[in-house]
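# coordinates only, sequence not included:
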Ligand SMILES: [Zn+2]
Ligand SMILES: [Zn+2]
C-alpha cells in the first residue's frame, strides 16, 4: 500500500509499505478522502535538514475519512463497510476532558493523527475504534473530510460566538476555516463582513453568503467595518489568520460589549488590555477544534441546512497529485482542497 510523507522543502513523496493490520481495539480504514488543512503547511515547508529519517516521519493528513475494512479484536459498535470520519486525537479516555469527548485536551497524554501519529494521506489507515464517527446519510466523503477539521473548527467557533440575526459578524481571513465560518454565520442569519487579501477568496466568500467583503491589501479593514456599522463596530469578530496585526484588528473592530473569537494559531500578540479589552467590555474567546460529539454535530448541521459545501470545496486531487494539491492550496487561489483516495 501507498502512503505520503512530507520529506522537507515543500516536497511530498509517496512510499510503499507492507499492508497494515489492526490490533485490539483498532480498525483498518480503507481511506476515501483526506483534507488539506492550513495547519499542515509548517510541516510541509520545513527544511529537509530539520526532518528526521524517513522511517521516523509521520504520514500527514488530519481530516481522514474512510470505510471500515477490517476489525481488530474487542471492537464493538462498528461493522465492516461503515463509512466514518475520524476525530483525529487519542486520549486516556478517563480524565475530565476525555469524558466530555475532548481527547485533544486529555490531561494525561494524547496523540494527534497526521502529526504525532500517522494521518490520512495513505491508502489504508489503522485507528482506534473510538475515534471513528459515523458519517450521516447525505454527506459525501469529501464534505465529511472538510468537517473533520477546518469546517468543523469554524462551525464550533461560530457556535461559541452565537451570533443573532441582527448581528454583524466580521471574519478575518477567508482560507478554508474563515470561508466555512462565513458560510455558517450567514446560514445562522447574521450579516457577514469577510476580510482577506485575495480577490479569489473574497469572491468565494460572497458566494458563501458574505454580505460585504473587504480587501485588506488595499483597504483598512477596521475603518471599513466601522463605516459599515455606523461607527460602532461589529457585534462579533473572528480571526482565522493567526497574524498578530490581524488579531489586533479583530479586537479593535468589535463593538462595545462585543465578542471576539481567536481560531488562527501561532504567533504572539500584544494588547493594551485596559483600552482595547476591559474598557470595551469585550468577551474574548479561544476556540480549538471540537469534541467527538461536535464532529457529528457539524456533519448533521451541514446535511440538515444544506450548507453549500460544493462551493467551499473548490479542488480535489487524487493521492498521486498531492504535490500539485499543496502547491495549489499555497497559491491562495483555492477554497478547501481535498485529496480523494
Ligand atoms: Zn484523558
Ligand atoms: Zn486542521
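Thanks, I have the structure now. For clarity, every value in this text was computed on a predicted model and none was experimentally measured. Ligands and ions are numbered 1, 2, ... in the order given.
# For the residue most central in space within the chain, give me its contacts.
In the chain, the residue lying closest to the centroid (Cα atoms, centre = their mean) is residue 150, at 1.5 Å. Going by Cβ atoms under 8 Å, 6 or more residues apart in numbering, residue 150 touches 35, 37-38, 63, 176-177, 180, 336. Using the backbone N, CA and C atoms, a C-beta is placed for each residue, glycine as well.
# and what of residue 337?
Neighbours of residue 337 in contact, by Cβ under 8 Å, 6+ apart: 35-36, 176, 313-317, 325, 328-329.
# Could you say which helix or strand holds it?
According to DSSP states H and E, residue 337 maps onto strand 336-340.
# Could you give the separation of that strand from the chain centroid?
Here strand 336-340 is found 12 Å from its chain centre; the criterion is Cα atoms, centre = their mean, to the nearest Å.
# Closest residue of the stretch 201-341 of the chain to ligand 2?
Per Cβ to the ion, residue 289 is where the stretch 201-341 of the chain lies closest to ligand 2, at 7.5 Å.
# With the stretch 151-300 of the chain instead?
residue 153 (6.7 Å).
# hang on, the earlier thing: what separates the residue nearest to the centre of the chain from residue 317, distance-wise?
16 Å (Cβ to Cβ, to the nearest Å).
# what's the answer for residue 306, then?
25 Å.
# tell me the helices in the protein, going along the chain?
41-45, 96-99, 141-147, 150-161, 176-187, 199-207, 221-227, 244-252, 292-304, 309-312, 322-331 (DSSP state H).
# And for the longest one, what's in contact with it?
Around helix 292-304, the neighbours that count as contacts under Cβ under 8 Å, 6+ apart are 85, 87, 101, 103, 130-131, 133-139, 143-144, 147-148, 151-152, 155-156, 184, 290, 307, 309.
# burial count for residue 199?
Applying other Cβ atoms under 10 Å, we find 13 residues neighbouring residue 199.
# my guess is it meets residue 216, correct?
No - with contact defined as Cβ atoms under 8 Å, residue 199 does not reach residue 216; the gap is 11.6 Å.
# Skipping adjacent residues, who's closest to whatever residue of the stretch 101-250 of the chain ends up closest to ligand 2 in space?
Here the residue of the stretch 101-250 of the chain nearest ligand 2 is residue 149; by Cβ to the ion that distance is 3.4 Å. The shortest distance from residue 149 to any non-neighbouring residue, by Cβ to Cβ, 6 or more residues apart in numbering, is to residue 63 (4.6 Å).
# what do you get for residue 104?
Closest to residue 104 by Cβ to Cβ, 6+ apart is residue 89, at 4.1 Å.
# list the contacts for the one you found?
103-104, 106, 110-113, 131.
# Show me which residues of this structure sit near ligand 1.
With the criterion set to Cβ under 5 Å from the ion, the chain comes near ligand 1 through 91-92, 95, 98, 106, 108.
# One more pass at 8 Å, please.
On the criterion Cβ under 8 Å from the ion, ligand 1 has as its neighbours in the chain the residues 91-99, 103, 105-110.
# Quick check: the two most widely separated of the residues you listed?
Greatest spatial distance in the residues of the chain next to ligand 1: 99 and 109, 15.5 Å, computed using Cβ to Cβ.
# what about the two, which has more around it?
Neighbours per residue, other Cβ under 10 Å: of residue 99 and residue 109, the larger number sits with residue 99, 12 against 9.
# Just the angle for the strand holding residue 337 relative to helix 176-187, thanks.
110 degrees (axes from the mean of the first three to the mean of the last three Cα atoms, to 10 degrees).
# Work out the sheet partners of strand 336-340 and label each with its direction, please.
strand 26-36 (antiparallel), strand 313-318 (parallel) (DSSP bridges).
# want to try TSV for these, with mean neighbour count and mean pLDDT as columns?
Output for the strands paired with strand 336-340, formatted as TSV (neighbours: other Cβ atoms under 10 Å; pLDDT from 0 to 100):
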stretch	mean neighbour count	mean pLDDT
strand 26-36	25	98
strand 313-318	17	98
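# and the nearest residue to residue 130 once chain neighbours are set aside, what does it touch?
Leaving aside its chain neighbours, residue 130 sits nearest to residue 93 (7.0 Å; criterion: Cβ to Cβ, 6+ apart). Neighbouring residues of residue 93 by Cβ under 8 Å, 6+ apart: 99, 103, 130.
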